[in-house]
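A.B. asks: this one's sequence-less:
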């Protein structure tokens, strides 16, 4: 099972590489045109995409480190490398988002707003179309290889496409003399960067601290309790290692069952959780009722 998962993570790398290439192109175009076309919104959006390059590189590194097999110091493998990479990325995004927000507010207060050139709006729309294409590709690939990290990257691609559309609309409106609207949109973009960073930080910190969804634990418990040999589920715990779910369960069964019969039930629990809920690893402890 481990080897199959390693192969899936290897395939997911292609999506991260495509995201990196796309973000390099769009961020360079937005930062360059944003300055020459006097568009604060396009410049802020370009900085947003520049942080996405770092985020995509972090995803790529996380996917590669996660493929390393278990060793003496990492008995459960290196799956959590994805979560660590996400945490680092969120901190970088927080810093950039704060910088864009402060700069845009200062521009409005100082009254230094200018009406941007229409070429900035065209760059925003072209970039939105490109990022939507990357989103659909990564979304389908993430579903095929069951990679939560790549799916998160795909959602980031989609949010960037939405941001680019909003930026283009604001630049178009600002070209009619509403220069302040361009700077206002830059503030909105900064807030979106900060919100995305906070969401990523919360999710990665939750996983790294072994937090787990209680609703999923209840589903696992109810499924295990349906087996006729299981008299009760005494305890059950779940934790995430990267995109992989690990479950520890203690069940009570009739004490007259043989070791072979008890082992068969444990195997059935592992198979059921893997097939029905895509649980990566299940550790079953059996106690006499």
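C.D. replies: Thanks, I have the structure now. Just so it is clear, the model here is predicted, and its values are computed rather than measured.
A.B. asks: C-alpha from now on. contacts and neighbour counts both.
C.D. replies: Fine.
A.B. asks: burial check on the residue lying closest to residue 40 once chain neighbours are set aside, number of neighbours?
C.D. replies: The shortest distance from residue 40 to any non-neighbouring residue, by Cα to Cα, 6 or more residues apart in numbering, is to residue 183 (5.5 Å). Neighbour count for residue 183, taken as other Cα atoms under 10 Å: 30.
A.B. asks: now do the SS call for residue 183.
C.D. replies: Following DSSP: H, G, I helix; E, B strand; the rest coil, we place residue 183 in the helix state.
A.B. asks: right, and it touches residue 106 too?
C.D. replies: No - the pair residue 183 and residue 106 does not pass the contact test of Cα atoms under 8 Å, sitting 9.7 Å apart.
A.B. asks: if we can go back for a sec, contacting residues for the residue nearest to residue 40?
C.D. replies: Residues near residue 183 by Cα atoms under 8 Å, 6 or more residues apart in numbering: 39, 40, 41, 104, 105, 107, 108, 113.
A.B. asks: element containing the fourth one?
C.D. replies: Same thing as residue 104. Secondary structure from DSSP states H and E places residue 104 in helix 81-110.
A.B. asks: check which residues of that helix are buried.
C.D. replies: 81-91, 93-94, 96-97, 100-101, 103-104, 107-108 (16 or more other Cα atoms under 10 Å).
A.B. asks: packing partners of that helix?
C.D. replies: helix 40-66, helix 179-208 (3 or more Cα pairs under 8 Å, 6 or more residues apart in numbering; DSSP states H and E).
A.B. asks: avg pLDDT for the first one?
C.D. replies: Averaged over helix 40-66, pLDDT sits at 83.
A.B. asks: report pLDDT for the residue nearest to residue 40.
C.D. replies: So residue 183 comes in at 70 (pLDDT).
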